[in-house]
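1. using only what follows, build the 3D model:
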Amino acid sequence: MVKLSFMGGTHEVGRNAVLVSSNEAKLLLEYGVKVGEPTEFPAHVRAKDIDGIVVAHAHLDHSGGVPIFYLSEKKPFFSTSTTADLCKVLIEDMIKLNNYYLPFEYIELDNMLKQRNDLAYGQEVRLKDINFQLHNAGHIPGSAMVDLEIDGKNILYTSDFNAVETRICNGAKIPKKKYDAVIIEATYATHEHPERKQLEVDFVKAIKDVTNDGGKVLIPAFAVGRSQEMYSILFAHGFPGLVVLDGMARSVNRILFNHPEGVKTPQQFEQASLSVQEIRGWRDRRKAINNANVIVAPSGMLQGGTAFFYMEKLAMNSKNAVFLVSFQVPGTNGSTLLEKGTFMIGEKDQKVAAKVRHFDFSSHSGQSYLQNFLKGLKGKPDIYVIHGESESCEFLAQYAQDELGLKGTAPKEGEEFEV
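-> Numbers count the residues shown, from 1 in each chain. All right, here's what the predicted structure looks like:
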């Protein structure tokens with residue numbers, strides 16, 4: 001008997017957690033959080049009841065709750081080596097900023113990392129009667145899909161995946177195996193992304209238009225993946241100006257240099273990274289305001305981080321521009337900036353004079369890629385759709401049912417299914 005229990009990430013983006021139970025073992029696929037006040041966790045899973053945890057990639061909505069299992073227990077934690085190191089940086093930062101709202105501290109994170117089992121893509125693992133391996137998910141460096149074989153049943157958990165090749169990641173491929181069940185994300189099930197090559201051209205042109213006119217461009221970007229992709233695009237297109245990189249993205253770069261297997265073309269990535277100037281403190285930051293043409297800095301939704309400092313300095317000059325390069329969650333500062341053109345400067349909500357634009361550099365598969373992924377699956381797997389707003393999850397489940405004749409379900413939190 002194989003059972004899937006959906007503990008989080010259902011009808012929402014965030015808090016991913018799926019418990020896979022076999023006759024002999026219980027394996028937890030991720031345990032993410034929604035960072036906030038208070039931080040939201042998936043449904044409760046007892047540490048003593050599980051035999052191991054797989055984290056498919058390092059983003060906090062997939063990894064942030066995992067230290068809670070290391071208050072007293074010792075359970076193996078499986079991921080790629082890139083993911084394990086990125087988890088350390090991201091979860092440390094979360095503890096630093098939110099420890100009042102968290103049921104664990106740095107010591108639990110250390111305990112978790114002591115139990116790490118680093119896996120290469122395709123490396124087979126046996127945990128009691130569960131066999132599994134990881135495949136490249138193309139989402140961020142080190143990201144993976146989890147391919148499980150239990151008691152003759154084959155299950156695929158995509159986590160977040162991107163079928164489109166980017167500057168730093170190869171696109172995810174559809175595994176050639178027949179599956180009995182597939183758990184798939186639906187973040188962009190109702191939305192198409194623009195074609196990547198043309199998007200890059202438009203993005204670089206927009207930056208040159210601003211800098212040639214004497215302005216500066218601030219690119220608020222996620223520290224993992226998006227920051228690196230932004231300066232890699234500028235490097236690949238021969239942008240001649242000074243590009244600076246700030247915030248946690250610098251620590252992420254060290255990890256990616258140590259794990260060249262985590263990026264698509266390590267040599268090009270290194271060249272692109274050497275072409276940017278890293279900010280090393282407040283003196284550099286103040287210099288960058290005057291000298292830099294492009295500033296890449298977290299956070300991607302302007303919720304904090306060093307991008308906040310640059311916004312205050314650059315936002316009120318109409319020659320400058322703020323280019324948002326990721327999804328902006330409703331209610332975030334980035335979302336408000338896009339919708340209303342305002343930003344909190346000096347404790348006052350002010351109309352921003354700088355140009356504000358959004359470029360859709362997503363690391364998730366868009367609508368047609370999600371549908372093609374399902375079409376390309378062999379056999380007649382049951383499809384479970386999570387990690388999307390309600391409308392997106394229902395839409396993709398309905399597509400699987402109506403167009404492909406598969407059993408499509410958008411589970412609710414706490415629902416269990418037998419494979």
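2. end to end, how far does stretch 142-156 reach?
-> Distance across stretch 142-156, first residue to last, is 17 Å (CA to CA, to the nearest Å).
3. pull out the buried residues from it.
-> For stretch 142-156, a neighbour-count test (16 or more other CB atoms under 10 Å) marks G142, S143, A144, M145, V146, D147, L148, E149, I150, N154, I155, L156 as buried. (C-beta placed from N, C-alpha, C; glycine too.)
4. again with stretch 16-35
-> Those would be 16-22, 25-35, for stretch 16-35 by 16+ other CB under 10 Å.
5. what's the end-to-end length of that stretch?
-> With CA to CA applied, stretch 16-35 spans 13 Å between its terminal residues.
6. residue closest to the middle of this structure?
-> H59 (4.7 Å; CA atoms, centre = their mean).
7. how much space separates it from S363?
-> 9 Å (CB to CB, to the nearest Å).
8. what pLDDT does the closest residue to E165 other than its chain neighbours get?
-> Leaving aside its chain neighbours, E165 sits nearest to G171 (4.4 Å; criterion: CB to CB, 6 or more residues apart in numbering). On pLDDT, G171 comes in at 96.
9. neighbours of G171, just the number please.
-> 18 (other CB atoms under 10 Å).
10. isn't there a helix covering Q271?
-> Yes. Assessed with DSSP: H, G, I helix; E, B strand; the rest coil, Q271 lies in a helix.
11. E416 against S5, yeah?
-> Yes. Using CB atoms under 8 Å, E416 is in contact with S5, at 4.7 Å.
12. returning to that earlier point: so the residue nearest to E165 lies in a strand, does it not?
-> No. Assessed with three-state DSSP, G171 is coil; it does not lie in a strand.
13. just checking, it touches H139?
-> No. Between G171 and H139 there is no contact under CB under 8 Å: 10.0 Å.
14. what do the two both touch?
-> Shared contacts of G171 and H139 (CB atoms under 8 Å, 6 or more residues apart in numbering): N162.
15. E37: what secondary structure?
-> Following three-state DSSP, E37 is assigned to coil.
16. mind checking how far it is from L97?
-> On the measure of CB to CB, E37 and L97 end up 11 Å apart.
17. hey, what's in contact with both of H59 and S363?
-> I140, D160.
18. could you check the pLDDT of the residue nearest to the centre of the chain?
-> Value for H59, per-residue pLDDT: 95.
19. and what of the one 3 residues further on?
-> At H62, the model reports a pLDDT of 97.
20. before we move on, the earlier item: neighbour count winner among E37 and L97?
-> L97 (14 against 7).
21. how many neighbours does the residue nearest to the more buried one when sequence neighbours are not counted have?
-> Leaving aside its sequence neighbours, L97 sits nearest to G304 (CB to CB, 6+ apart; 7.4 Å). Per other CB under 10 Å, the neighbour tally for G304 reads 12.
22. quick check, G304 in a helix?
-> No. G304: not assigned to a helix; according to three-state DSSP it is coil.
23. if I look at it, how far off is I174?
-> Counting by CB to CB, the gap from G304 to I174 is 38 Å.
24. again with D160
-> Where I174 is concerned, D160 sits at a distance of 16 Å (CB to CB).
25. neighbour count: the two, which is higher?
-> Between D160 and I174, D160 has the larger neighbour count (other CB under 10 Å), namely 24 against 16.
26. and the gap between that one and N333?
-> For D160, the distance to N333 (CB to CB) stands at 23 Å.
27. try K74
-> On the measure of CB to CB, K74 and N333 end up 40 Å apart.
28. who's more crowded, the two?
-> The residue with more neighbours, out of K74 and N333, is N333; 20 against 12, by other CB under 10 Å.
29. that one contacts M301, doesn't it?
-> Yes. Counting by CB under 8 Å, N333 does reach M301; the two are 6.6 Å apart.
30. mind giving me the domain ranges of the chain?
-> Following automatic domain parsing, one gets these domains for the chain: 3-191+363-418, 196-358.
31. thank you, goodbye.
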